[in-house]
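*Asks:* Generate a structure from the sequence data that follows.
(one chain, ligands or ions: 1)
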Amino acid sequence: KNEPPSIPGGLPLIGHAHRLIGDSVKLWKSVVELSYDSLRLGGVLSAAIGPRTIYVLTDPEDALTVANSCLQKDAFYEFAKCWLGEGLVTGKLSIWRHHRRLLNPAFSQVVLDSFLGVFNSQSRRLVDDLKSEVGKGPFDHWVYTRHNALETICLTALGIDFTEKGVLNTQYVKATEQIFNVFVERFQKFWLHNDYIYQWSGLRKKQDSLLEILHNMSYTVLQKRKADYLKRLETGQVEEKTGTKFKPFMDLLLELAVEKGAFNDREIQEHVDTMIVGGHDTSASVLMFTLLLIGSHPDVQDKIVEELKDVFGNDDRDVTKHDLSQLVYLEAVIKESMRIYPIVPVTARVLDRDLKLKTYTLSKGRTCFMFVYGIHRHPMWGEDREEFKPERWLDPAKLPECPTAFAAFNMGRRICIGKSYAYMSMKTTLAHLMRQYKVKGDHTKLTLKIDVMLKPEAGHHISIEKRS
Ligand code: HEM
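*Replies:* Okay, the predicted model is just below:
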């Protein structure tokens, strides 16, 4: 069997695990180094973490072979199962196959179009919130994009406006952030991978208290929505009379549960928790990186404004479906931002068979990490692959022929279910923000870390001015 090359520097017993020990900034540096190691070795390498051999893939074609042949996520995802259970990200393959089919229609274009009103009003809310920062110098825009995205996903997934009811408190926002740190710390301390040892650790205690806050939120909302839904059924009132023009994701699940017995309460809660996690931190991070990149590239900012003028004139009206299809440059900016800063920089699959790639064969039972950061810097992106150049997306001749060279939403059959939702909401938000504000920033000052997702440790602040 033709095994991929191993990287040098392995130590007895721990292998290359010493490269992963340290804080989340150090871990990110290791991801970058391993990405370039893998690219240098032709797109696949093997390494040892303690007794385990793992693979690191940066070749886009080989990554697709793995993504479509081995659908089972790796055991590392089990760390998040205590939170997300059998939801799509962490669920067992047998459940995933069935539930992904049931959930796909919840993300159809018709459903997403019905969310456009929410995307517009949420964008206006963000513009409004940011008013207090105008002309005051650098500030942490992540706090604003994150809170706003969390409100948006809660509105569209749960149909509840938390800002008015005050349920979405800072405690919940903090807990969603801290639980990621817990998972990363457990990943780095390989002795805590063992469930028995883990259950006695302080980290496990911290995890339990965070889970209580997180589960309590979705449980409370589910019980309320369910009671409302059953009451409506009883009284023969089919649609909810709240004035909303969309059907929230939770109602769709409740319908499937009541009419077809598709899910039990726990499963609904797990799917909703997964949507909330998958749907806010991600889009908010992409927006945060994109604003920083826009602020660092005045030429790009000018082109965005020019396109917005072409589409909206001087009008501050809402963004329509038709406008979204015309904001081609804006979409190119978002894609290029995700290429440079892929916020899910690593995904993992367990190999349930020996798998033949273009050059090497991977062994059954091992873990294969797809390093998206490296895939996005593969030589097929050309000489200027390290540069932020949204224009490359406007000319198909400048893009790699291999479609999976862009893997920000993963690839193959387990590609992100919320991809179109994300583009629609992010484009709408930026169309509102960039009509109102001039942005300044410097992304070269960024210090990055990995907390499951790619996050800035420091240097990510922007400043804004009112656009005249
Ligand atoms: C810019 C925004 C987003 C990015 C970059 C993103 C990225 C990703 C990636 C990389 C995966 C694969 C994860 C893995 O295999 O470990 C994924 C899966 C998933 N995402 Fe997203 N996502 C985004 C927005 C959303 C939104 C808005 C939602 C829901 C409203 C969502 C829901 C999900 C779900 C449920 C999965 C699991 C899919 C499956 O395995 O069948 N995501 N996403």
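
*Asks:* What distance do you get for the residue of the stretch 301-450 of the chain found nearest the ligand to N104?
*Replies:* Nearest residue of the stretch 301-450 of the chain to the ligand, counting by C-beta to the nearest ligand atom: G418, 2.2 Å away. C-beta: built from backbone N, CA, C; applies to glycine. Counting by C-beta to C-beta, to the nearest Å, the separation of G418 from N104 is 11 Å.

*Asks:* These two: which has the busier surroundings?
*Replies:* Comparing G418 with N104 by neighbour count (other C-beta atoms under 10 Å), the higher total belongs to G418, at 21 against 10.

*Asks:* My read is that the more buried one contacts F107, right?
*Replies:* Yes - because the distance of 6.5 Å satisfies C-beta atoms under 8 Å, G418 is recorded as touching F107.

*Asks:* ok, now which ones touch H99?
*Replies:* Applying C-beta atoms under 8 Å, 6 or more residues apart in numbering, we find H99 in contact with 86, 88, 91, 263, 267, 271.

*Asks:* which of those has the most neighbours?
*Replies:* H271 (26 neighbours).

*Asks:* mind checking the SS state of that one?
*Replies:* On the three-state scheme (DSSP: H, G, I helix; E, B strand; the rest coil), H271 is labelled helix.

*Asks:* Name the nearest residue to it, ignoring sequence neighbours.
*Replies:* On the basis of C-beta to C-beta, 6 or more residues apart in numbering, the spatially nearest residue to H271 that is not a chain neighbour turns out to be G87, at 5.2 Å.

*Asks:* ok, now which ones touch the closest residue to the ligand within the stretch 101-250 of the chain?
*Replies:* Closest contact between the stretch 101-250 of the chain and the ligand, by C-beta to the nearest ligand atom, is at I153 (6.0 Å). Residues near I153 by C-beta under 8 Å, 6+ apart: 275-276, 279-280.

*Asks:* Near the ligand, which residues of the stretch 251-400 of the chain? Just list them.
*Replies:* Contact residues of the stretch 251-400 of the chain with respect to the ligand, defined by C-beta under 6 Å from any ligand atom, are listed as 274-275, 278-279, 282-283, 286, 343-344, 347.

*Asks:* Going by neighbour count, which of those comes out on top?
*Replies:* So for those (other C-beta under 10 Å), the most neighbours sit at M275, 29 neighbours.

*Asks:* Any stretches of this structure with poor pLDDT?
*Replies:* Across the chain, the stretches falling below the confidence threshold (pLDDT under 70) are 160-169, 237-245.

*Asks:* Pick out the residue closest to the middle of it.
*Replies:* With distances taken as C-alpha atoms, centre = their mean, the residue of the chain nearest its centroid is T282 (3.3 Å).

*Asks:* Just the residues contacting stretch 320-334, thanks.
*Replies:* Applying C-beta under 8 Å, 6+ apart, the contact partners of stretch 320-334 are 113, 116, 286, 290, 293-294, 300, 303-304, 307-308, 310-312, 390-394, 423-424, 426-428, 430-431, 434.

*Asks:* circling back to that earlier point, in a markdown table, list the contacts of I153 along with secondary structure.
*Replies:* Formatted as a markdown table, the contacts of I153 follow (three-state DSSP):
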| residue | secondary structure |
| --- | --- |
| M275 | helix |
| I276 | helix |
| G279 | helix |
| H280 | helix |
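
*Asks:* Looking at the residues you listed, which is nearest the ligand?
*Replies:* Of the contacts of I153, the one sitting nearest to the ligand (C-beta to the nearest ligand atom) turns out to be G279, at 3.2 Å.

*Asks:* quick one: the closest one and I417 touch, right?
*Replies:* No - counting by C-beta under 8 Å, no contact exists between G279 and I417, whose distance comes to 9.6 Å.

*Asks:* on that earlier part again, which of the helices or strands spans the residue nearest to the centre of the chain?
*Replies:* With elements delineated by DSSP states H and E, T282 resides in helix 265-296, which encompasses its position.

*Asks:* quick one on the thing from earlier: now list the buried members of the contacts of stretch 320-334.
*Replies:* 116, 286, 290, 293-294, 300, 303-304, 307-308, 311-312, 390, 392-393, 423-424, 426-428, 430-431, 434 (16 or more other C-beta atoms under 10 Å).

*Asks:* Show me the longest helix that occurs in this structure.
*Replies:* In the chain, assigned by DSSP state H, the helix with the most residues is helix 202-235.

*Asks:* So which residues lie in contact with the helix or strand that comes right after that helix, not counting its own?
*Replies:* Towards the C-terminus, the helix or strand next in line after helix 202-235, according to DSSP H and E, is helix 249-260. In this structure, residues lying in contact with helix 249-260 by C-beta under 8 Å, 6+ apart are 102, 105-106, 111, 156-159, 221-222, 225-226, 229-230, 233, 240, 262-265, 268, 271-272, 275.

*Asks:* ok, now stretch 405-420?
*Replies:* For stretch 405-420, with C-beta under 8 Å, 6+ apart as the criterion, the contacting residues are 60, 63-64, 67-68, 71, 88, 96, 100, 103-104, 107, 109, 112, 275, 278-279, 282, 335, 338-339, 342-344, 347, 370, 372, 375-376, 378, 380-381, 399-400, 404, 422.

*Asks:* same thing but 6 Å
*Replies:* If you take C-beta atoms under 6 Å, 6 or more residues apart in numbering as the criterion, stretch 405-420 is touched by 60, 64, 67-68, 107, 112, 278-279, 338, 342, 347, 372, 375, 378, 380, 404.

*Asks:* got it, and stretch 265-281?
*Replies:* Residues from elsewhere that reach stretch 265-281, judged by C-beta under 6 Å, 6+ apart: 84-89, 149-150, 153, 157, 218, 222, 250, 253, 418.

*Asks:* which pair in the residues you listed spans the largest distance?
*Replies:* Spatially, the most separated pair among the contacts of stretch 265-281 is E86 and A149, at 24.5 Å (C-beta to C-beta).

*Asks:* how about the strands of the stretch 301-450 of the chain, start to end?
*Replies:* When assigned using DSSP state E, counting those that start in this stretch, the strands of the stretch 301-450 of the chain occupy the ranges 346-350, 355-356, 361-362, 367-371, 437-440, 447-451.

*Asks:* Would you mind finding the most buried of these?
*Replies:* With neighbours defined by mean count of other C-beta atoms under 10 Å, none of those is more surrounded on average than strand 367-371, at a mean of 25.

*Asks:* Name the strands paired with that one and say parallel or antiparallel.
*Replies:* Looking at strand 367-371 with DSSP bridges, its paired strands and their directions are strand 52-57 (parallel), strand 346-350 (antiparallel).
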